[in-house]
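S.K.: Sequence first, predicted model second:
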Amino acid sequence: MICKADIDDISYRSWSRCNNMVMSWIIHAVSKEIAESIMYIDYGRDVWDDLHERFQQSNEPRSFQIKQQLRSLSQGSSDVSGYFTKLKALWDELKDFRPVSTCTCGGLKDLMCFEVEE
């Protein structure tokens, strides 16, 4: 996370420009109704936190459904590539339901690098 620069700080103009860019990206990426509810928030980080709080919900029924699909998935007449593609799509979707962790020790970076390598 990049903290807001003080207005008299030399990096304030750069920070402000980046903040405005992030705000624009977020506002144009959401529906009109959601954009109207966040457009008066001043900082991109605050908008992100607001959206995260609103939409970070567990979706247990979908998670259960994906796990069931993984259990019942078989290669059947598919070639290895097709089977793996289906399997990986389900794994990736299931991964999206894991809670987001906050790490201050640096261990999460190592874990993420390990996951990418696998």
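M.R.: Good, I have the coordinates.

S.K.: Tell me where this protein is predicted with low confidence.
M.R.: Low-confidence segments of the chain, defined by pLDDT under 70: 1-2, 57-58, 99-101, 116-118.

S.K.: change it to 90
M.R.: 1-12, 14-15, 39, 44-45, 48-49, 52-63, 78, 93-118 (pLDDT under 90).

S.K.: can you give me the helices in the protein?
M.R.: For the chain, the helices defined by DSSP state H cover 12-29, 32-38, 44-55, 60-72, 80-95, 107-117.

S.K.: can you put these in a markdown table and add distance to Lys4 and mean neighbour count?
M.R.: Every C-beta, even on glycine, is put in place using the N, C-alpha and C of the backbone. Putting these into a markdown table (distance: least, CB to CB, whole Å; neighbours: other CB atoms under 10 Å) gives the following:
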| stretch | distance to Lys4 | mean neighbour count |
| --- | --- | --- |
| helix 12-29 | 7 | 13 |
| helix 32-38 | 17 | 13 |
| helix 44-55 | 8 | 14 |
| helix 60-72 | 36 | 12 |
| helix 80-95 | 32 | 12 |
| helix 107-117 | 24 | 10 |
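
S.K.: what about the most centrally placed residue in the chain, distance to Tyr83?
M.R.: Closest to where the C-alpha atoms of the chain average out (CA atoms, centre = their mean) is Asp96, at 7.8 Å. Distance, Asp96 to Tyr83, using CB to CB, to the nearest Å: 21 Å.
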